[in-house]
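[1] Got a sequence here, can you model it:
(one chain, ligands or ions: 1)
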Amino acid sequence: MQKDDLLRLMRDPNLLPSEKQVLLSDIASQAAAMDLPCYIVGGFVRDLLLREPVNDLDIIVEGDAIRFGESLVKKFGGKLTLHDKFHTAIWHLPNSSDTLDLITARKETYERPGALPTVIPSTIDDDLHRRDFTINSMAIRIDGDHFGELLDPLSGQADLEDGLIRVLHPRSFVDDPTRIFRAIRYEARYSFNLEPLTLNLVNPEALDVIPKLSGERIRHELDLIFEEKDSSQMILRLGEFGVFKKIHPKLPLFNADYSDFLEMDPTLDIPASRTVVAYMLWLMDLSESEILSIGQRLYFTTDQTYSIWAVSQLKKSLPFLTGSSPSVWTYALEKLPLLSIYVVYLVTREDALLDFLSIWRHVKPHTTGDDLKARGLEPGPRFGEILHQIRAAWLDGEVSNKEEENDFLNSILNGHSSR
Ligand code: CTP
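    Alright, predicted model coming up:
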């Protein structure tokens, strides 16, 4: 692409918000002042060339990224987090919650398949050659007069035009099998294809490295997939490639019928995470020990594993609850995570679950402990029992206003309640 055409894309506010354009030119002028060759790399370049909106800036310098970061903070403000080992810094931008990665151009070597790479400072050319796919191995130089020059040593632009995902060398997936997950993500996100040789490299040798990946790294890739619009297509494709059994022998295929359930109903005020919903849908039909074991492999928090387990338990106990009164439902559901209940509702359409989430859980009697004290009762376990009985009467429609609640309380205190 010609420099002028690229500049036009970089100045299009529909693609790059104006404040980011200002930020970019600030970085560019500071790099020029320090005589530091400076580039934007990776997803930014790929998406800009696809005329997709871009936001995340990854900045690479041929030189010391940490020193560059310090000079940016001195001139423009904000804060820096340093990663000395990788010669990188994260710039926390002034007056904003945004951050920006500043990276020293580097060469990487993998001491063993699946391990994190060893890093040595190097040139932008080496840096582009260490990457996953040609479409991610382009850079735009931004310092001084170089602003807007495209570097494309691996013909990423041609692959973008042809819709191809191509690794840079045959050992790419063996070095880093998280790239298999990434390839599948780009394939569905952009409706691209894996270039035939790349497709062949998703082979047993590469798949056999997946068990060596840490749970955190696998989990991160799965989370990224579940955050995508077409996540169900991606997760089915991972299954087709035989990735799941390599993550954990008991990890099942994702049930395609559940794909539509990944969207939350925004009218329900439940704290929700799309990724947790996805794991619930994926794992809910497994046994307790399988859920625990997969939870450990994928580094779930205790709360997350518990909420998945709660889905499986509730789903199993549903036949025993069906037809019960609202109060029985409410007391059975109350101790479970709301999101677990919602997911069981999604897959069973049991109306009582939705009634609980939207109405029953909010039902509270007017009477309080203080009212009972005022009536001369001694505080103790009996308090809880009485309040519980009144609440049940509300839930089951035996009481529907304050007066009736008072009458009901009188009947309990006089020992006439049927409950
Ligand atoms: N990268 C890589 N191998 C990986 C992970 C990342 O080579 N296993 C490189 C790619 O060049 C990628 C860049 O690091 O473009 C930044 O990675 P990341 O932020 O994860 O991806 P983006 O390119 O920003 O793309 P997206 O987040 O849209 O997937």
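[2] Centroid-nearest residue for the chain?
    Nearest to the mean C-alpha position of the chain, by C-alpha atoms, centre = their mean, lies Asp223 at 4.2 Å.
[3] can you confirm that residue is in a helix?
    Yes: checked against DSSP: H, G, I helix; E, B strand; the rest coil, Asp223 lies within a helix.
[4] can I assume Gln157 sits in a helix?
    Yes: with three-state DSSP as the criterion, Gln157 is part of a helix.
[5] The ligand versus that one, what's the distance?
    15 Å (C-beta to the nearest ligand atom, to the nearest Å). Glycine gets a C-beta too; all of them are placed from N, C-alpha and C.
[6] residue contacts, that residue?
    1, 49, 138, 150 (C-beta atoms under 8 Å, 6 or more residues apart in numbering).
[7] next one: Arg171
    Arg171 sits next to no residue when contact means C-beta under 8 Å, 6+ apart.
[8] Just give me the neighbour total for Glu288.
    10 (other C-beta atoms under 10 Å).
[9] if you skip the residues just before and after it, what's nearest to it?
    Excluding the flanking residues, the one nearest Glu288 by C-beta to C-beta, 6 or more residues apart in numbering is Trp309, at 6.4 Å.
[10] Roughly how far does that neighbour sit from the ligand?
    31 Å.
[11] Counting neighbours, what do you get for that residue?
    20.
[12] Go through the one helix or strand it maps to and flag the buried ones.
    Trp309 belongs to helix 302-321 when assigned by DSSP states H and E. The neighbour-count check on helix 302-321 (16 or more other C-beta atoms under 10 Å) flags 304-315 as buried.
[13] State the phi and psi torsions of Thr301.
    Phi and psi for Thr301, reported as degrees, to the nearest 10, are phi -70, psi 160.
[14] ok, it - contacts?
    Contacts of Thr301 (C-beta under 8 Å, 6+ apart): none.
[15] go again using 10 Å as the cut-off
    Going by C-beta atoms under 10 Å, 6 or more residues apart in numbering, Thr301 touches 276, 295, 307.
[16] Quick check: it vs Ser307, distance?
    Separation of Thr301 from Ser307 (C-beta to C-beta, to the nearest Å): 9 Å.
[17] which residues are in contact with both of these two?
    Common contacts of Thr301 and Ser307, defined by C-beta under 10 Å, 6+ apart, comprise Val276.
[18] Tell me the pLDDT of Arg419.
    What the model reports for Arg419 is a pLDDT of 57.
[19] Ok, Leu268 next?
    On the pLDDT scale, Leu268 gets 69.
[20] re the thing from before, let me know the closest of the contacts of Thr301 to Gly78.
    Val276 (32.3 Å; C-beta to C-beta).
[21] May I see the domains of this structure written out as residue ranges?
    Per automatic domain parsing, the domain ranges recorded for the chain read 3-162, 163-247, 248-362, 369-413.
[22] so Val45 makes contact with Ala139?
    Yes: counting by C-beta atoms under 10 Å, Ala139 is a contact partner of Val45 at 6.3 Å.
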